[in-house]
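J.: Starting from these lines, generate the structure:
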Amino acid sequence: MKLSFIGGKTMSDMSLSPFVDFIKKACTKKAALLEESLGRYAARSIYAGAFLTLSTAAGAVAADQINTLHPSLGRFFFAFIFAFGLAYVVFLNGELATSNMMFLTAGTFSKAIDWKKALKVLLICSIFNLVGTLFAGYLLGNTAAFANLNENSAIVGIIQTKLARGNGQVFLEGIVANVLVNIAILCFVLVKDQAARLSLVLSAIFMFVYMTNEHVVANFASMSILLFSPFKGAKGFELVNVLRHWGVSYLGNLVGGGLLIGVVYTWLNQTKTNYQEQV
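T.: Sure, this is the predicted structure:
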């Protein structure tokens, strides 16, 4: 039995923590947009993938240039420039699969959204993230910036390193990557000052990229650029190996963002005390 209070709120509504309420509203908004207009939801997902591809491309070009000065500097600049792609996603309301892993898993855990509906949103978001990376990868891979790509190019080295990893390593790297990505998302949600928000988002994304952890949409991006570039000699860049890598990365990301951040932070906020995140 629900008891009504002033304004039509129920006892359960009034006891809902700000964080859990935010998760509920976010899941409802995503599901509602998908139901109302697949085209609009797809566009937000495509743009999210494209934003990460743009920053990946710029970071890769910068890394090659900076490496001519010192071979250790390119990795730093690649990670720094890539981080802005995620900032574009969160500030411009893109739909990114790896952040949705947190939102939708948390929403399922708190019963804010049915698991079948959550899975549908996540899968459609993932598909159109890939479409966005392929589209942007096609455009960028055919630009002059990648006309002379070779085995010594930064993006080729990064991809070859990733594709040479075994499944256990990819899974572990995927967990770490999406823990950091969703730390960035939580900072964006919980921190009010815009400058602080941007700094914290960039810092967390920089960390996972600098450590070459496995973020499935970032991998969509880098591999899409390589796919459409003139260079065809990357080791391990075969369809079966790429799909294996994406699949294992995806599962690792789901554990890192969904379970270790989404579920845990929802559980932490299901308390009657005031020790809750204030959204």
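J.: how about low-confidence regions in the stretch 51-200 of the chain?
T.: Nowhere does the stretch 51-200 of the chain drop to pLDDT under 70.
J.: Now do the strands in it.
T.: Read by DSSP state E, counting those that start in this stretch, the stretch 51-200 of the chain holds no strands at all.
J.: Any idea how far stretch 90-105 is from the middle of the chain?
T.: 7 Å (CA atoms, centre = their mean, to the nearest Å).
J.: My error: substitute stretch 111-122 in the last question.
T.: 18 Å.
J.: Name the residues of it that are buried.
T.: Buried residues in stretch 111-122, defined by neighbour count with 16 or more other CB atoms under 10 Å: Ala112, Ile113, Lys117, Ala118, Val121, Leu122. Quick note: C-beta positions are derived from backbone N, CA and C, even for glycine.
J.: my guess is the fifth one meets Thr28, correct?
T.: No: at 10.8 Å, Val121 does not count as touching Thr28 under the criterion of CB atoms under 8 Å.
J.: May I see the buried residues of stretch 167-180?
T.: Applying 16+ other CB under 10 Å to stretch 167-180 flags Val170, Phe171, Leu172, Glu173, Gly174, Ile175, Val176, Ala177, Asn178, Val179, Leu180 as buried.
J.: Make CSV out of those residues and add distance to Ile205.
T.: What follows is the buried residues of stretch 167-180, written out as CSV (distance: CB to CB, whole Å):
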residue, distance to Ile205
Val170, 19
Phe171, 20
Leu172, 19
Glu173, 15
Gly174, 15
Ile175, 16
Val176, 13
Ala177, 10
Asn178, 11
Val179, 12
Leu180, 7
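J.: Give me the most central residue, the protein.
T.: The centre of the chain sits closest to Thr98, judged by CA atoms, centre = their mean, with a distance of 3.8 Å.
J.: What helices and strands are in contact with the helix or strand encompassing Val264?
T.: Element membership of Val264 [criterion: DSSP states H and E] is helix 264-268. Counting contacts by 3 or more CB pairs under 8 Å, 6 or more residues apart in numbering; DSSP states H and E, helix 264-268 is packed against helix 18-36, helix 97-109.
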